[in-house]
Structures are given as C-alpha cells and as structure tokens.
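>>> got a predicted structure here, sequence first:
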Amino acid sequence: MYGYIYKTTNLLNGKIYIGQKKSNVFRPDYYGSGVIINRAIEKYGKENFKIEIVEWCKNRDDLCEREIFHIANEKSLYSFGKGYNITPGGEYGDSFTHHPDKEEIRKRMSIANTGRKHTEEWKKKASIRMSGKNNPMYGVPSPNKGKKASLETIEKLRKINRGRKYTEEQKKKMRKKYNETVKNRTPEKQKEIHERMSKASKKRLVDYEHPQNKKVYVYENDILVNEFKNSVYCRNYYYDNYGLPKKTMLHNLRNDKPILPDNPQGIRKDLYNIRKQFKDYDFTHIKR
C-alpha cells in the first residue's frame, strides 16, 4: 500500500483530526502535522488522544481524494468548530494556505527572520542532522523521477533564460564547482556521461526538427543536382571534394544568402575562386 487515512480523536472533547500518511505500515505514534492539532496535543497531552486507521490507499491521488472525502464527511474542519483540520485536504501537507492566522504568522516570521544569520556551528549541525539516513527523504524516490518535461515547458524555460547574463563572481563559482566535479570523475563515469549527453543531443535534434536533422537539397540554376541526409553530410561533402568552406555553405543554407556576394571585398583570392564555382548553387532544407 502507498499510505493510509487516519483519524486522531481528542478523548476529552471529541474533536477530531483527519490526515494522510505516506507509509505502508501503521505509525501509532504519528498524530498529525497540522498546527492546530499539535497545539491541542501540547495542551491536553498525548495520553488524551486516540489514533486509528480509517482507510488504506494504493496511490497518491487516492490518498488525497479520500482525505478530502473523510474531512468533509466527518466535518472535521476547524471553521466548523468540530475538528482540528485547517484545510479541506488533498494539499500534500500545505497547512498554511488556509490557516486562520496566516497573515499574523507571516508578520511574525518576517520580523523573526529579518537580518538573521546562521553561525558556522549551526550550519555544520544542520548538515549532519539532514545527511544520509537522518534526512526524511533518504531512500525515497523523487516524485519527478522518470518524468520528462514537455516541449512546451522546455521552450518556456529557454525563453526565460535567453539573454540571461551571469556576474563574474557567479561565473567564477560555476567554473570552480565544475572543475571540482570533473576532477573527481573516473574515466568510466566520464565515458558514460559523454554517451548519455550524445544520445540526448541527437534526440533533441529530432524533437525540435533542428536544421541539422533535415534533408538538404542542392540546386544549380533551379535544377536539383544533389541531396543529403542532413547539413553535416552536405557541408563535409563539398568541403572534402571542392574545398567550399563549411561556414560559407551553412550560412547559405540557414540564411538564404548567396555563396558569392555581389561585393566580394575582403575575400581571399583562392576562396573567391572556390565560391565562384558555386555562385549559381542554392542549398536549402525545403524541396521546391
């Protein structure tokens, strides 16, 4: 089982709390994480509370759906005066959004944290406290594991980060971190990363219909004279056999610019003669 719905009952006044717990075993010592239920436990003592399982659930969605149902069915919301639940359930532990004292809590947190700085000793203790098996997420698979961002999401992120500039200090930190990471890699790990990145790059070319993944058609005076699997094959062929500069050919391919410009100033004589052979050529991704 993925988890269970539980009910915590105050034996003195009958008020209840409905909650969800992600665990395949019952935790009789877990009474709930809500702010109000914890205040009540502190006030009355754990010995005056009873906890019981209401229902087992097979997955996360069922857990949230059934929590909402039981909170509504039992009328355990704090606003009804019969229970300790702050929210109607299903928010994966978000007890702040609907908290009755939300604004007051925000102000207190703002005042308490203004100008606050943790000491190095506190940071070390916190690191030890949350490392390895002490971390509540230790051994728990990431909820995003195996998920892939949609093309729409990737495009949005690309637009957000386009034109972004890092400060020199940020660049320095990034270089240092990267160098330390690479230095500690084994040759086997480096090879594995290279193969994975290469595979991912090829897939992106296909997904985004990159020009490098499209067929190239070569025309001379509007007559088809050659075709290639992609622009890499095309540029290599004309470079190896005729000496046509790769950059020139790709520039023509991507920007629809002439191989031989009308005003060829600044071009070396040998390159000019090579380009002159192809002045009537047109390299394009789309067959006319």
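Yep, it's here.
>>> give the contact list for residue 11.
Residues near residue 11 by CB atoms under 8 Å, 6 or more residues apart in numbering: 48-50. C-betas here are computed from N, CA, C, even on glycine.
>>> mind listing the helices in the stretch 1-150 of the chain by residue range?
35-44, 60-74, 102-113, 120-129 (DSSP state H, counting those that start in this stretch).
>>> just so I know, which of those helices lies nearest residue 225?
Across those, residue 225 has its closest neighbour in helix 60-74 (59.0 Å, CB to CB).
>>> tell me the buried residues in that closest one?
By neighbour count on 16 or more other CB atoms under 10 Å, the buried set for helix 60-74 is 62-64, 66-71, 74.
>>> just name the closest of these to residue 150, please.
Of the buried residues of helix 60-74, the one sitting nearest to residue 150 (CB to CB) turns out to be residue 64, at 23.0 Å.
>>> need the nearest residue in space to the closest one, chain neighbours excluded.
residue 90 (3.9 Å; CB to CB, 6 or more residues apart in numbering).
>>> same check on residue 54?
Residue 54 sits nearest to residue 5 (CB to CB, 6+ apart), 4.4 Å away.
>>> what is that neighbour paired to in the beta sheet?
For residue 5, the beta-bridge partners under DSSP bridges are residue 20, residue 55.
>>> which residues touch it?
18-20, 53-57, 63, 66-67, 70.
>>> centroid residue for this structure?
Nearest residue to the geometric centre of the chain (CA atoms, centre = their mean): residue 149, 7.2 Å.
>>> leaving out chain neighbours, which residue sits closest to that one?
Among residues not flanking residue 149 along the chain, residue 157 sits closest, at 7.7 Å (CB to CB, 6+ apart).
>>> out of the helices and strands in the chain, which is least certain?
When each helix and strand of the chain is scored by mean pLDDT, DSSP states H and E, helix 246-255 comes last, with a mean of 72.
>>> just the CA trace of that helix, in PDB.
In PDB, the C-alpha atoms belonging to helix 246-255 read as follows (Å, rounded to 0.1, in the frame of the first residue of the first chain):
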ATOM      1  CA  LYS A 246      31.800  24.800 -44.300                       C
ATOM      2  CA  LYS A 247      30.800  28.000 -42.700                       C
ATOM      3  CA  THR A 248      30.000  29.600 -46.000                       C
ATOM      4  CA  MET A 249      27.800  26.700 -47.100                       C
ATOM      5  CA  LEU A 250      25.900  26.600 -43.800                       C
ATOM      6  CA  HIS A 251      25.500  30.400 -43.900                       C
ATOM      7  CA  ASN A 252      23.900  30.000 -47.300                       C
ATOM      8  CA  LEU A 253      21.800  27.100 -46.000                       C
ATOM      9  CA  ARG A 254      20.400  28.800 -42.900                       C
ATOM     10  CA  ASN A 255      20.100  32.400 -44.100                       C
END
